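Engineer: need coordinates for the below:
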Amino acid sequence: MHFKHPEILYFLFLLIVPILVHLFQLRRFKKEYFTNVRFLKALSIQTRKSSKIKKWLLLACRLLLLTFIIIAFAQPYFESKDSKNASNELYIILDNSFSMQAKGKKGELLKRAVQELLEETPENVNFSLLTNSENYWNTDIKSVRSALQNLKYSATPFQLDNIMAKIKAHKSAFKKDIVIITDAVGLDEKQLKNSDATDSPLFIIPKAEQKNNVSIDSVFINKTLENFYEISVQISGYGDDFNPIPISLYNENKLIAKTIVTLDTKKKNLNFTIPKQSFHGYFSIVDNGLNYDNTLYFSISKTKKTNIISIGEPTKSNFLSRIYTSEEFSFNNYTLSALDYNKLEEQDAIILNELDEIPQALATTLKSFVGKGGNLIVIPSAISSITNMNSLVSNFGNLTFNSLENREKLITKINFNHPIFNSVFENKVTNFQYPKTKSSFVLSSPNPAALSYEDQSVFLTSIANSVSAVAIFAAPINIENSNFQQSPLIVPTFYKMAMNNQKNGVNALIIGNNNPHLTEASLNKDAILTVKGLDEQFIPIQQILNNKVKMTFNDYPEQAGNFRIYNKKEWIENISFNYNRTESDLASANDNILSDYKTIESIPSLFDTLQTDRTDNQIWKWFVIFALLFLITEMAIIRFLK
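Structural biologist: Residues are numbered from 1 along each chain as shown. Prediction:
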């Protein structure tokens, strides 16, 4: 037993007072003589023996009464079994990612967790609350009640390692109790590495009852017809035994198509035909799973021709005019002597087609062109100076032209994951007629090759920055040196190289993906573009690049939807934002990796455990009760014992 105020026990010396009083009252009986015994009739006869017993009982009661009162004021207690952690700081990590929309036994997982926190957290407990998007340091349940009641689902996926890093950066002299409330969707071993074992994190894992979920993943233009687009939407099913799913297509909130899809495979593509014009709408489905991935917003800009210039001999550029047709492109070819440098800044892509020598002025202009969002394609000449070529490509990255090899080589490998060929082929092609080159340069590049020779050396590679790309061939592709112009690869290769970052397709950005977005607009230095939606507007980070504006959105907007870009009140472009689909697979909840960590059943159990294990057992109330009992006993002895 321990005492909160042990110094009060010195008052036990006061017990000598009732002892002295008692000794004083134990004096001898004194005889009194009366003249007449009739005065004693109303008196009770009290013997010397009964009087002594009564006084000893009163002494005992008074001593015990005073003893228990003094001990009660000293506040005795029994120390808790986990008292050494009683001063720990409490940190609660609450996962509010979209997977917490799943329904458990008592409703949506996040809403139920919030309700239990509001109901079960003691008002006198201080803690810090961290979610995917918000931090509340050194607070209490009264202070964060409103924030919890209005807590929204976050577009940021749950990243435990990032939140743990914030807690570790929050310096404190005390140990930390870290409680993590998550459904464990997307949780992996890497994220757990930042969990400090000395802080003993506790996990509360709410479980979803229904793990079937259907999501709309992407939309793209499958075919471009004369007056129509055939757009394809990809739907993914996570789980088993799906009911038929209704899917609707809206343009400006106007329903234009609706059908029923049966998920007989994990992924399924549906095709819709829409007029070949600007589009600003969304796809929508209805299922019994998560809600956040049931809508995919997208925009299609009005068709605009892509400006392309080829610099080289006309006879070597005839194949380019057949690829860059007048329906989609504004294509021109100039010899180096006839080139107007002022036109270069107006282009979307520039092709250096086997120039024997690249002037320094042109190299400087191309460096600025690529930095401002233009795409560059470099086809070397067999008689090009290696020094001259390396002087050009060094402006864009770590790539080097080495010696020219005069031997025939087959182009045998396609990197289907490379940005040039991503989404070009429905299936991986393994048996095609290999094109070849008779002579080629040896390219040294840290970047992955898009096309490779049979000896694994590079034929085509690219260097990308945030807004553009530079594609570089290792060999001339004129008909004297190569049959690449007759290969089926020639059209998709040059089409994708020129169209990199051009917006002649579907616009459907992902919130939190920091890839910049280029908008065509001619602004003065003081102009600012604003992105506006129905319920939200913001000003992105932006940089003026000649006739384009580079915008970076970071974590904006907060909600998915269709937005418009304005220069003051002037409409510039439509743009669409969607949530990342990383939370869609509820079956990816991996609570098995938490076997080495302590888990607890629920939030009420958490605070019950902390209260039981870390709260000292206060027993001063019992001493007060015993003191009152001895006071009553004393009064009873005085009144009833004769």
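
Engineer: Ile256 touches Tyr250, doesn't it?
Structural biologist: Yes: at 6.8 Å, Ile256 counts as touching Tyr250 under the criterion of CB atoms under 8 Å. No exception for glycine: its C-beta is placed from N, CA and C like everyone else's.

Engineer: the two: which is more packed in?
Structural biologist: A direct count of neighbours by other CB atoms under 10 Å for Ile256 and Tyr250 places Tyr250 higher, at 18 against 14.

Engineer: before we move on, what SS does Met605 have?
Structural biologist: Actually, residue 605 is Ser. It isn't Met. The three-state assignment at Ser605 reads helix, by DSSP: H, G, I helix; E, B strand; the rest coil.

Engineer: so how far is Ile204 from it?
Structural biologist: Counting by CB to CB, to the nearest Å, the gap from Ser605 to Ile204 is 8 Å.

Engineer: the nearest residue to Gln485 once chain neighbours are set aside is in what secondary structure piece?
Structural biologist: Nearest in space to Gln485, with sequence neighbours left out and distances taken as CB to CB, 6 or more residues apart in numbering, is Phe319 at 4.8 Å. Phe319 is part of helix 318-323 when elements are defined by DSSP states H and E.

Engineer: of Ser605 and Ile204, who's got more company?
Structural biologist: Ile204 (22 against 12).

Engineer: which ones are touching the nearest residue to that one once chain neighbours are set aside?
Structural biologist: Ranked by CB to CB, 6+ apart and with sequence neighbours excluded, the top spatial neighbour of Ile204 is Ile181, at 4.7 Å. For Ile181, the set of contacting residues under the criterion of CB atoms under 8 Å, 6 or more residues apart in numbering consists of 92-95, 113, 204, 206, 603.

Engineer: most neighbours among these, which one?
Structural biologist: Highest neighbour count within the contacts of Ile181: Asp95, with 27 neighbours (other CB under 10 Å).

Engineer: ok, back up a step: where's the residue nearest to Ile204 relative to Ala165, distance?
Structural biologist: Taking CB to CB as the measure, Ile181 falls 18 Å from Ala165.

Engineer: same question, Gln210
Structural biologist: Taking CB to CB as the measure, Gln210 falls 33 Å from Ala165.

Engineer: for Ile256 and Tyr250, list the residues in contact with both.
Structural biologist: Listed contacts common to Ile256 and Tyr250 are Gly281; contacts here mean CB under 8 Å, 6+ apart.

Engineer: from what I see, Trp571 and Phe563 are in contact.
Structural biologist: No: in terms of CB under 8 Å, Trp571 does not count as a neighbour of Phe563; the distance is 11.3 Å.

Engineer: of these two, who's got more company?
Structural biologist: Regarding Trp571 and Phe563, a neighbour count based on other CB under 10 Å identifies Phe563 as having more, with 26 against 10.

Engineer: so that one, which state does it fall into?
Structural biologist: The local conformation at Phe563, judged by three-state DSSP, is strand.

Engineer: what bridges to it?
Structural biologist: Ile575 (DSSP bridges).

Engineer: who are the contact partners of it?
Structural biologist: Contacts of Phe563 by CB under 8 Å, 6+ apart are 531-533, 557, 574-577.

Engineer: spatially, what comes nearest to Phe607 if we skip its sequence neighbours?
Structural biologist: Among residues not flanking Phe607 along the chain, Glu120 sits closest, at 5.5 Å (CB to CB, 6+ apart).

Engineer: any idea how many residues pack against that neighbour?
Structural biologist: 15.

Engineer: quick check: it touching Ile603?
Structural biologist: Yes: Glu120 sits in contact with Ile603 when judged by CB under 8 Å, with a separation of 5.2 Å.

Engineer: endpoints of stretch 216-232, how far apart?
Structural biologist: Start and end residues of stretch 216-232 are separated by 11 Å (CA to CA, to the nearest Å).

Engineer: quick check: mean pLDDT of that stretch?
Structural biologist: Mean pLDDT, computed over stretch 216-232, is 85.

Engineer: for stretch 99-110, same thing?
Structural biologist: The average pLDDT for stretch 99-110 rounds to 88.

Engineer: let's see that stretch as CSV, backbone CA atoms only.
Structural biologist: Once non-C-alpha atoms are left out, stretch 99-110 reads as follows in CSV (Å, rounded to 0.1, in the frame of the first residue of the first chain):
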residue,chain,number,x,y,z
SER,A,99,-11.8,1.8,-48.0
MET,A,100,-13.3,2.8,-44.6
GLN,A,101,-16.5,3.4,-46.4
ALA,A,102,-17.0,-0.4,-46.3
LYS,A,103,-19.9,-1.6,-44.0
GLY,A,104,-19.2,-3.6,-40.9
LYS,A,105,-21.7,-5.1,-38.4
LYS,A,106,-22.7,-1.6,-37.2
GLY,A,107,-22.5,0.5,-40.3
GLU,A,108,-19.6,2.2,-42.2
LEU,A,109,-16.3,1.5,-40.6
LEU,A,110,-15.2,5.1,-40.3
